[in-house]
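1. Structure for the following, please:
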Amino acid sequence: MIEPVSPSFVTPSAAMIRRAQQKWSVAISSIILLGDLCAMIVASCVSYVVISELLLGGMWSFSEFTPPYYFALCWLVVFRAATQGHYTQRTPWWQQMHLLFKLFIGLFLLDVFVHIVMQSSSVHFILGVRWLVLVLCIGCMRMVILNMIRARSREWTLPVTIIGNEDIVGDTYFALHPDTLTGYKITTILFDAPVSAEAHAQLMQMFQGDMPTIASSPCDIPAYICANPHAFYVISLDGFRGERRDHMMDALEKSDCDYAIIPPMKRLHLYGMEPQYFFGNDIMLLHRRVISEVSLDKCAKWLVDRLVAGCALPVLALLTAFLWISKKIEGSQSPLFYGGMRIGRNGEQFPCWKFCTMKPNADKLLEELMKKDEALRNEWNTYQKIRNDPRIDSRISAFLRKTSLDELPQLWNVFVGDMSLVGPRPILPSQQIEYGEALPFYVSVAPGLTGLWQVSGRNQTTFAQRIIWDIWYVKNWSFWHDLVILIKTVRVFLTGHGAY
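-> Okay, here's the model as predicted:
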């Protein structure tokens, strides 16, 4: 527990700390900028060798393949990244990648336009490959540089103090902890009200040994801020009213420390909000941007679903033949496929196909097991999953579940339109009552083969947290979020994190 801190506590001044941090920030900014420039040079050479030399047999010289305006457009990438704070701020990783993705689309279209005006003979898809290589090289270079800085320099780690309630602490942890490249490290938690022993135990489980210092009862927060100006404060003002809030804000301003405010945005369409400011007034409006039923993002999602599923079906056929032989060798009596009914868009039911990995009458077996084993019953009620499930019929089935390959037949569901590559998981008709007020969000979109829950811990998270993530996805959907989830799905598949 943190004791109230005396304002006379001796600590380096915020100005001294700020000057040291600024010097370090200049060095980091320079390194990242140089990394981007090097990535551009590497990208131009790689794309030239692969496209012109290997694929087209030396059709163009290097100067023809990379005209002067190409490097001018590369500098446009640097300028845009600089205006978005990529070189001066701790920008979340996927926010950086989102900008690079938009730059890739914009530069490709601009490059095509220039070639049309100049009546060049270049094939347009080659231009797309060139800019795609550029974006990938910049992303890889930044990842390497930031990982090296994080591993070799303590200055990159920024201690974070969270001030708020129990829910804010959990939400902030799930937001900051996975994005290690930003350098944020939660070191202190100051609660705005007393917390229960149960909440404290949940925090210990959440941080898993890397436990921050916790004040489980309110301390003198303004005094603590004045005595610790070097920290980065993440603050929820929900629990502060009147003079308490004024005193805390005065302490933040007087100590000249860095801080961020968490507005009360829970259950709102976060990514659909656009801020509007009014001159001379302390008022900011968050205006919701409504996505139309027909948009480029939705058209792109529909097209990617059909293309990916269509191309993957022949591979699925080969895998099916291999699995049939393997299950016969192991003596499994279960059928190869299982088509359980699930709830889809608009509440319509459809057969959701999977490779059958369970023994016959698995539902009855589950009921019998839950009657005999209280621990197993509690595990099922919490996670809707069972670790080391005794109903699995063979070793190859256990492998399929561990790697999530048992879900691959749902590619057919994606191809025919019952499902999408990314979305909330399809739910059982018998589970509708358990979803309560969240059910309308599930039936408003097509269920997905993968989703935010699968890449955020999957079976290591509770059923309630799974619903929270699924609702967030539906409310804040964009084609970019689908791409991020697909990329993360590859990592989860390769590591097996959270699957059993």
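2. Give the other helices and strands that the helix or strand encompassing residue 354 contacts.
-> Residue 354 belongs to strand 349-355 when assigned by DSSP states H and E. Strand 349-355 is packed against strand 337-343, helix 410-416, with contacts defined by 3 or more CB pairs under 8 Å, 6 or more residues apart in numbering; DSSP states H and E. C-beta here means a position set from N, CA and C on the backbone, and glycine is covered the same way.
3. remind me which residues of the stretch 301-450 of the chain are low pLDDT?
-> Residues of the stretch 301-450 of the chain meeting the criterion pLDDT under 70: 383-384.
4. now the strands for it?
-> In the stretch 301-450 of the chain, the strands defined using DSSP state E, counting those that start in this stretch lie at 337-343, 349-355, 420-422, 448-450.
5. Just the buried positions in the first one, please.
-> Just to be clear, that refers to strand 337-343. Using 16 or more other CB atoms under 10 Å as the test for burial, strand 337-343 gives 338, 342, 343.
6. and it, how far out from the chain's middle?
-> 28 Å (CA atoms, centre = their mean, to the nearest Å).
7. Run through who's touching it.
-> Under the criterion CB atoms under 8 Å, 6 or more residues apart in numbering, residues 349-356, 358, 409, 426-429, 432, 442-443, 447 lie in contact with strand 337-343.
8. Identify the residues contacting the strand holding residue 354?
-> Residues contacting strand 349-355 (CB under 8 Å, 6+ apart): 320, 323, 336-344, 397, 400, 405-410, 412-413, 418-419, 426, 429, 447.
9. and that strand, how far from the chain's centre?
-> From the chain centre to the centre of strand 349-355 is a distance of 27 Å (CA atoms, centre = their mean).
10. Please apply the same query to stretch 445-457.
-> The chain centroid and the centroid of stretch 445-457 are separated by 11 Å under CA atoms, centre = their mean.
11. Output it as CSV, nothing but the C-alphas.
-> In CSV, the C-alpha atoms belonging to stretch 445-457 read as follows (Å, rounded to 0.1, in the frame of the first residue of the first chain):
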residue,chain,number,x,y,z
VAL,A,445,-23.2,-9.0,-38.2
ALA,A,446,-22.0,-12.3,-39.7
PRO,A,447,-20.1,-14.5,-37.2
GLY,A,448,-16.4,-15.0,-37.9
LEU,A,449,-13.9,-17.7,-38.3
THR,A,450,-11.5,-15.7,-36.1
GLY,A,451,-12.1,-12.6,-34.1
LEU,A,452,-10.9,-10.2,-31.4
TRP,A,453,-11.5,-12.8,-28.6
GLN,A,454,-9.3,-15.4,-30.3
VAL,A,455,-6.3,-13.1,-30.6
SER,A,456,-6.7,-11.6,-27.1
GLY,A,457,-6.1,-14.6,-24.9
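12. check contacts around the nearest residue to residue 146 once chain neighbours are set aside.
-> Distance criterion CB to CB, 6 or more residues apart in numbering; nearest residue to residue 146, sequence neighbours excluded, is residue 181 at 4.4 Å. By CB under 8 Å, 6+ apart, the contact set of residue 181 is 93, 143, 146, 147, 150.
13. can you put the buried residues of strand 337-343 in JSON lines and add distance to residue 212?
-> What follows is those, written out as JSON lines (distance: CB to CB, whole Å):
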{"residue": "338", "distance to residue 212": "45"}
{"residue": "342", "distance to residue 212": "41"}
{"residue": "343", "distance to residue 212": "41"}
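14. quick one: contacts for residue 47?
-> Shown here is residue 47, whose contacts under the criterion CB under 8 Å, 6+ apart are 65, 129, 130, 133, 134.
15. Can you classify it as helix, strand or coil?
-> Assigned with DSSP: H, G, I helix; E, B strand; the rest coil, residue 47 falls in the helix class.
16. What distance do you get for it to residue 165?
-> 51 Å (CB to CB, to the nearest Å).
17. ok so, going back, give me the subset of the contacts of residue 47 lying in helices.
-> 65, 129, 130, 133, 134 (DSSP state H).
18. How confident was the prediction at the second one?
-> Spelled out, it's residue 129. Model confidence at residue 129, expressed as pLDDT, equals 81.
19. what's the neighbour count on it?
-> Neighbour count for residue 129, taken as other CB atoms under 10 Å: 15.
20. In a strand, residue 195, correct?
-> No. If the criterion is three-state DSSP, then residue 195 is coil and not within a strand.
21. Against residue 166, how distant is it?
-> For residue 195, the distance to residue 166 equals 6 Å [CB to CB].
22. now the helices: where do they sit in the stretch 51-200 of the chain?
-> Along the stretch 51-200 of the chain, counting by DSSP state H, counting those that start in this stretch, helices occupy 62-65, 68-83, 93-117, 124-152, 166-176, 197-207.
23. okay if I get those as TSV plus distance to residue 297?
-> Formatted as TSV, these follow (distance: least, CB to CB, whole Å):
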stretch	distance to residue 297
helix 62-65	32
helix 68-83	21
helix 93-117	12
helix 124-152	19
helix 166-176	23
helix 197-207	34
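24. Tell me, how many residues neighbour residue 253?
-> 11.
25. Quick check: buried residues in whichever strand or helix holds residue 493?
-> Using DSSP H and E, residue 493 maps to helix 479-495. Using 16+ other CB under 10 Å as the test for burial, helix 479-495 gives 479, 480, 481, 482, 483, 484, 485, 486, 488, 489, 492, 493.
26. my guess is the third one meets residue 472, correct?
-> No. Contact between residue 481 and residue 472 fails when scored by CB atoms under 8 Å: they sit 9.6 Å apart.
27. which one of the helices of the stretch 51-200 of the chain lies closest to residue 236?
-> Residue 236 lies closest, by CB to CB, to one member of the helices of the stretch 51-200 of the chain: helix 166-176, at 4.2 Å.
28. I'd like to know how far residue 155 sits from residue 28.
-> Between residue 155 and residue 28 the computed distance is 9 Å (CB to CB).
29. okay, these two: which has more neighbours?
-> residue 28 (20 against 14).
30. And the closest residue to residue 172 other than its chain neighbours, how far from residue 262?
-> The shortest distance from residue 172 to any non-neighbouring residue, by CB to CB, 6+ apart, is to residue 162 (5.3 Å). Using CB to CB, residue 162 is found at 9 Å from residue 262.
31. anything in contact with each of these two?
-> Listed as contacting both residue 162 and residue 262 by CB under 8 Å, 6+ apart are 168, 172, 234, 235.
32. Give me the distance from the helix or strand encompassing the last one to the chain's centre.
-> So the one you mean is residue 235. According to DSSP H and E, residue 235 maps onto strand 232-236. Centre-to-centre, strand 232-236 and its host chain are 21 Å apart (CA atoms, centre = their mean).
33. which helices and strands does the helix or strand that it is followed by pack with?
-> Scanning forward in sequence from strand 232-236 by DSSP H and E, the next helix or strand is helix 242-255. Where contact means 3+ CB pairs under 8 Å, 6+ apart, helix 242-255 is packed against helix 221-227, strand 232-236.
34. Mean pLDDT, mean neighbour count and distance to residue 34 added to those, as CSV?
-> Shown next, in CSV, are the helices and strands packed on helix 242-255 (pLDDT from 0 to 100; neighbours: other CB atoms under 10 Å; distance: least, CB to CB, whole Å):
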stretch, mean pLDDT, mean neighbour count, distance to residue 34
helix 221-227, 85, 22, 36
strand 232-236, 88, 22, 26
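35. That'll do, ta.
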